[in-house]
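Asker: predicted model follows, preceded by the sequence.
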Amino acid sequence: MKAAVTLGKLLPLTEYPAVVQRLASEAVRVSSNAYAPYSLFTVGAALLHEEANGTDDVSITAGCNYENCVYQSSCAERCAILTANAQGKRCASAIAVYGRSIKADVPNPPFDALCTPCGVCRQFLVEISQLSELDLDIVLVSFDTKHAKVVKLSTMLPENFGPKDLGMNISQWSRGNSAASTPCKRARDDAPATVAATLSTN
């Protein structure tokens with residue numbers, strides 16, 4: 001398994017480690033469940049969690065966009081984040097995102113077109129980034145579903161504003177409120193909790 005993931009370069013998914021491929025595949029799969037009758041633009045997202053159960057197991061939480069008739073919507077990334085939170089998982093090391101228009105009259109974009117998180121979702125990801133005490137890896141899956149680019153959250157939202165700017169220490173919140181919830185792996189492991197580090201052990 002590769003010890004590192006190439007950043008900022010579009011590559012065939014087959015050149016990435018298996019867990020990145022799995023994460024991308026889950027984002028593509030769940031996009032088909034999107035409820036988007038107004039925009040006809042479907043998006044799927046998949047969060048990668050490290051389990052704090054004494055092993056190097058990983059888990060994935062998926063989400064898709066959901067719209068309503070007053071033109072408000074919940075983005076896929078936020079749906080994945082909120083679903084994970086409801087399950088007691090507040091930390092993550094990566095998220096994969098895939099989106100495409102399903103309008104019949106919209107020409108297909110180039111094979112390498114990418115769908116990136118909106119500004120609000122990037123702010124939500126900053127919260128997870130600070131809870132997890134790492135710079136999240138963002139896996140952007142191409143329109144043809146066969147390629148991806150991995151970038152750091154800090155490059156997508158540079159000079160961001162987060163809890164630390166309010167003088168907040170949210171480390172105690174990295175654990176869910178229930179006994180069944182588990183803290184971030186980083187809370188028990190000083191190793192960098194990036195996609196690269198996660199994948200190198202699987």
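Answerer: That came through fine. Predicted model only: the values in this text are computed from it and were never measured.

Asker: so where is the chain shaky, pLDDT-wise?
Answerer: 1-3, 51-56, 175-202 (pLDDT under 70).

Asker: switch the cut-off to 50
Answerer: Scanning the chain for pLDDT under 50 picks out 1-3, 54, 178-180, 187-202.

Asker: what are the boundaries of the strands in the chain?
Answerer: For the chain, the strands defined by DSSP state E occupy 11-12, 41-50, 58-64, 66-67, 73-74, 94-101, 137-141, 147-152.

Asker: which stretch among these comes nearest Ala18?
Answerer: Among those, the nearest to Ala18 by CB to CB is strand 58-64 (10.7 Å). For the C-beta atoms, the positions are set from N, CA and C on the backbone; glycine is no exception.

Asker: identify each buried residue in the closest one, please.
Answerer: 58, 60-64 (16 or more other CB atoms under 10 Å).

Asker: and what of stretch 27-45?
Answerer: 27-28, 30-31, 34, 36, 41-45.

Asker: repeat that for stretch 147-159.
Answerer: Across stretch 147-159, burial judged by 16+ other CB under 10 Å covers 147-153, 156-157.

Asker: now stretch 155-175
Answerer: Buried residues in stretch 155-175, counted by 16+ other CB under 10 Å: 156-157, 173-175.

Asker: and what of stretch 12-28?
Answerer: Across stretch 12-28, burial judged by 16+ other CB under 10 Å covers 13, 16-17, 19-28.

Asker: what's the closest of these to Arg78?
Answerer: Using CB to CB, the shortest approach to Arg78 within the buried residues of stretch 12-28 belongs to Ala27, at 14.0 Å.
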